[in-house]
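Engineer: no sequence on this one, just coordinates:
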């Protein structure tokens, strides 16, 4: 993409400048994509390798704008003892076509200034080493300078933009749903509670800052439902929290969720269509915007992931009902730790089996038992309180990636269910939404970190988020 | 923008369909922008007015895709008692050119189905009333259905997208900085602390979920600095928190901040340039994407704001030093509650005076006293520990909108300042950033809600966020 002298705007700015003017500053990515030679450019970045030969000094510098480094060629007289791996430099010189096969452009240095030296002895990253992800995880403030995390975070940034675009292009209004909330959406209990730091230090007998107990959100869904009653199609993309005491490769205490809610929707099909389009559109955008970064993962981290992803993008996602899923599991030759039984939740082992059974493509499982799911899901009325219009999306290598449902929009159904749960008073406002112009609606949430794991083939969720938070760990 | 029969893609999809096919669903905005008449369209939304005449029934319906309603014209026989203000309807019919001056298009209804009735007696919003913002604030789950909040939230959504685009277009990598953090960035003390809900109920003698005390972030800056050491230009746009016991029109406990950090930056000029460009680009995008929504505010909420905004966008922002600011204030004829004095913080009354003094345009105030500012700001070395390279952006009607600085990148300066504060151990990782390839850098943060207040002229910050959180209030 940054191929032979096909480049960026900045370069044209640079090329058209009179020679007497001071050097034009270029990002490494701009320099690598330059169209034609240019005098007096300035590139800043961090040294990724130093190779000193008798007649020539080679540097590779990187400024995070791309995975690729810019090769700097200099006279050996420009070498100095601070010019080491990890140091920050400013190189001024001439951008020329490279004689080497590996790059199109190189920078013939006139001057090299070390802006900030690096104590390579103490620096935990080492030149030209491909450090394992477990190793660099110990250095949350430095690991972004490795190739792997560099690529990951560029991809994460592009995926974030792609998700925003997907919804905006399709007429959704973006809503910042609240982080602090007074309602415990799912009643799951694994909540973080919030106090002012003074309160926290004092006794239990106190007034709360918000007058009521306040928690970190586990989902923006109920607030999105409020908004879907005004804007029809809405989405949110923000942090959510679980106080799960788990050190697993699949869970974080703080993670990001993409959630959407659609009014005037009477079938799960509509919801599944959006889920599938979101998955595929975002992946395609990421693949076309940062092919080299994705390649790093598909080459060195998860060699089978490239084919797998192609399969996922090419094929229509499979849809099976929960009933069918249980039958498939019952007939499996495999022995499960948890015996598959109608009315029980699908375990990770079950999810993996189902995905494999369907040919290693994403699988929607729909229409779950009524009693397994939260109060807001819509009763299918196939038998009294038998199943609800819920959907989970299971994907290869991960298991559950998305969950969604039609919401119970019928006041009598919702009211009696909340009453049975003793929640009718707490959710008076939620019942109100069904009193004033209620419409059939539904929505879903997608775990953003799991999505990144899924397209890149990253095993541990801690490696796809800039600063992972989990039980017993909140570094920085 | 949605002018005379100049419309949307969906309409073309619709217009090219064979007449026998079932009705094509259109959003109100699409219908209003339609190019030519069309049979068999279906529009869904909420009724904003019902006018029943002898020969004809008029409805206005809105689905949140635009401020404008779609006029539905129907035979009086289609009226029914559930067809009231606030009810949800599905109208099928023919899109025709309207004979009326006020709209280009209207929908000649064949069928009208009430999807969800509305108990207008209990519904707190009333037809054709322009409810004051204070009134609708009492109904956080319904106020988004008013014109004002509808426009506000569409603008907020567009502004969010514009900010993401601004940074992405300029080569910044987006970073999700953590919400839960173990460091108290500014040492300001007004922090929310986090416990699992069980812990919170138990005694003070306990182990923390994260093993250390954990707080809600007050700024992503320090984490962005980590990332600026790898990607050169980075930004974040997320929630931040202050446990300020304030009910003011200017403060929230949960609000959004846009923050950017730039490596290889040696002057405040660079930072101010980005701040000014962000302000102006975002405002221009919003003005061009939702002119009608902005007009609502400039017409009914803040009639002088339109001119004011034009002035802000047209003129270069003013730059004055803190020294100059103090001199201006000392020479003011006005008497201040807080006497202006070198070394004291600027109060809101001072900020307002300075903005007025400079001609009601945004004003950068730079180079603040060393002792007023946090440890990470760069010593200007004009006199020993006299001023730091800090900048605040003051804007008409609001006061402080942005704050930024160059960061102290020199290890000895930073280390000795942290040691004096007794923080050197806690910030070992932050010192590390200065040990390994340190570069001159700086950045800023902009309060997103204040920005919206500033461009729209909204007086109370609670009216520019979907779900306001402040002391004694955490509704929903």
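Structural biologist: The structure has been received and is ready for your questions. Just so it is clear, the model here is predicted, and its values are computed rather than measured.
Engineer: Look through the stretch 201-350 of chain A and state the residue closest to chain B.
Structural biologist: residue A:231 (3.4 Å; Cβ to the nearest Cβ). For every residue, glycine as well, the C-beta is placed using N, CA and C.
Engineer: you'd agree residue A:465 is in a helix?
Structural biologist: No. Residue A:465 is assigned coil when assessed by DSSP: H, G, I helix; E, B strand; the rest coil, not a helix.
Engineer: and the longest strand for chain A?
Structural biologist: strand A:38-52 (DSSP state E).
Engineer: That one: what's the following helix or strand?
Structural biologist: Using DSSP states H and E, the helix or strand that follows strand A:38-52 towards the C-terminus is strand A:57-62.
Engineer: quick one, what contacts the residue nearest to the residue of the stretch 201-350 of chain A closest to chain B when sequence neighbours are not counted?
Structural biologist: What sits nearest to residue A:231 in space, not counting adjacent residues and going by Cβ to Cβ, 6 or more residues apart in numbering or on different chains, is residue B:64, at 3.4 Å. Residues near residue B:64 by Cβ atoms under 8 Å, 6 or more residues apart in numbering or on different chains: A:173, A:230-232, B:45, B:150, B:154.
Engineer: Those residues, buried ones only, as a PyMOL selection?
Structural biologist: Applied in PyMOL, the following selects the buried portion of the contacts of residue B:64 according to 16 or more other Cβ atoms under 10 Å in any protein chain shown:
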select buried, (chain A and resi 173+230+231+232) or (chain B and resi 45+150+154)
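Engineer: surely residue A:62 meets residue A:45?
Structural biologist: Yes. Counting by Cβ atoms under 8 Å, residue A:45 is a contact partner of residue A:62 at 5.3 Å.
Engineer: List, one by one, the residues from the stretch 1-150 of chain A near chain B.
Structural biologist: A:27, A:29, A:44-47, A:63-65, A:86-88, A:90, A:115-119, A:122-123, A:140-142, A:144-145, A:149-150 (Cβ under 8 Å from any Cβ of the partner chain).
Engineer: now the strands for the stretch 101-250 of chain A?
Structural biologist: Taking DSSP state E, counting those that start in this stretch to define them, one finds strands in the stretch 101-250 of chain A at A:105-116, A:173-174, A:180-181, A:192-196, A:214-216, A:233-241.
Engineer: Redo those strands as CSV? Include mean pLDDT.
Structural biologist: Compiled in CSV, the strands of the stretch 101-250 of chain A are given as follows (pLDDT from 0 to 100):
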stretch, mean pLDDT
strand A:105-116, 97
strand A:173-174, 98
strand A:180-181, 96
strand A:192-196, 90
strand A:214-216, 94
strand A:233-241, 98
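Engineer: Out of those strands, flag the one nearest residue B:261.
Structural biologist: Between residue B:261 and those, the shortest separation by Cβ to Cβ is 15.5 Å, and it involves strand A:105-116.
Engineer: Mind listing what's buried along that closest one?
Structural biologist: A:105-109, A:112, A:114-116.
Engineer: Report the helix or strand with the lowest average pLDDT across chain A.
Structural biologist: Using mean pLDDT, DSSP states H and E, the weakest-scoring helix or strand in chain A turns out to be helix A:9-15, at a mean of 42.
Engineer: and the next element down the chain from it?
Structural biologist: strand A:24-26.
Engineer: quick one: strands adjacent to that following strand?
Structural biologist: strand A:38-52 (parallel) (DSSP bridges).
Engineer: buried set for the longest strand of chain A?
Structural biologist: In strand A:38-52, counting by 16+ other Cβ under 10 Å, buried: A:38-48, A:50.
Engineer: Check residue A:453 and give its pLDDT.
Structural biologist: Residue A:453 carries a pLDDT score of 98 in this model.
Engineer: would TSV of the strands of the stretch 101-250 of chain A with distance to residue A:420 be doable?
Structural biologist: Converted to TSV, the strands of the stretch 101-250 of chain A look like this (distance: least, Cβ to Cβ, whole Å):
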stretch	distance to residue A:420
strand A:105-116	64
strand A:173-174	34
strand A:180-181	23
strand A:192-196	26
strand A:214-216	23
strand A:233-241	27
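Engineer: which stretch among these comes nearest residue B:383?
Structural biologist: Closest approach to residue B:383 among these (Cβ to Cβ): strand A:105-116, 25.9 Å.
Engineer: Identify all contacting residues around that closest one.
Structural biologist: In contact with strand A:105-116 (Cβ under 8 Å, 6+ apart) are residues A:5, A:31-32, A:34, A:41, A:43-44, A:59, A:70-75, A:78, A:80, A:82-83, A:87-98, A:100, B:264, B:409, B:434, B:436-440.
Engineer: got the angle for that strand vs strand A:38-52?
Structural biologist: Strand A:105-116 and strand A:38-52 are oriented at 70 degrees to each other (axes from the mean of the first three to the mean of the last three Cα atoms, to 10 degrees).
Engineer: Pairing partners for strand A:105-116, with directions?
Structural biologist: Counting by DSSP bridges, strand A:105-116 is paired with strand A:70-74 (parallel), strand A:88-97 (antiparallel).
Engineer: For those, give me CSV that also has mean neighbour count.
Structural biologist: As requested, the strands paired with strand A:105-116 are arranged in CSV below (neighbours: other Cβ atoms under 10 Å in any protein chain shown):
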stretch, mean neighbour count
strand A:70-74, 22
strand A:88-97, 21
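Engineer: got TSV for the ones you listed, with mean pLDDT and distance to residue A:169 too?
Structural biologist: As requested, the strands paired with strand A:105-116 are arranged in TSV below (pLDDT from 0 to 100; distance: least, Cβ to Cβ, whole Å):
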stretch	mean pLDDT	distance to residue A:169
strand A:70-74	97	34
strand A:88-97	96	37
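Engineer: Take the ones you listed and lay them out in JSON lines including distance to residue A:418.
Structural biologist: Putting these into JSON lines (distance: least, Cβ to Cβ, whole Å) gives the following:
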{"stretch": "strand A:70-74", "distance to residue A:418": "61"}
{"stretch": "strand A:88-97", "distance to residue A:418": "59"}
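Engineer: Ok, which of the ones you listed comes nearest residue B:273?
Structural biologist: Short answer: strand A:88-97, nearest of these by Cβ to Cβ, at 19.6 Å.
Engineer: Report the inter-axis angle for the closest one versus strand A:57-62.
Structural biologist: Using the same axes, to 10 degrees, strand A:88-97 lies at 110 degrees relative to strand A:57-62.
Engineer: How far off centre is strand A:88-97?
Structural biologist: 34 Å (Cα atoms, centre = their mean, to the nearest Å).
Engineer: same thing with stretch A:56-64?
Structural biologist: 30 Å.
Engineer: Report the buried residues of that stretch.
Structural biologist: A:57, A:59-64.
Engineer: Residue A:141 versus residue A:321, what's the distance?
Structural biologist: Counting by Cβ to Cβ, to the nearest Å, the gap from residue A:321 to residue A:141 is 48 Å.
Engineer: The two: which is more packed in?
Structural biologist: When neighbours are counted by other Cβ atoms under 10 Å in any protein chain shown, residue A:141 comes out ahead of the other of residue A:321 and residue A:141, with 21 against 14.
Engineer: what's the more buried one in contact with, if anything?
Structural biologist: Neighbours of residue A:141 in contact, by Cβ under 8 Å, 6+ apart: A:476, B:226, B:429-430, B:432-433.
Engineer: Flag the least confident of the residues you listed.
Structural biologist: residue A:476 (91).
Engineer: my read: that residue touches residue B:181, true?
Structural biologist: Yes. At 7.0 Å, residue A:476 and residue B:181 qualify as touching, with contact defined as Cβ under 8 Å.
Engineer: Under the pLDDT cut-off, which ranges of chain A? List them.
Structural biologist: Scanning chain A for pLDDT under 70 picks out the ranges A:1-21, A:184-189, A:198-206.
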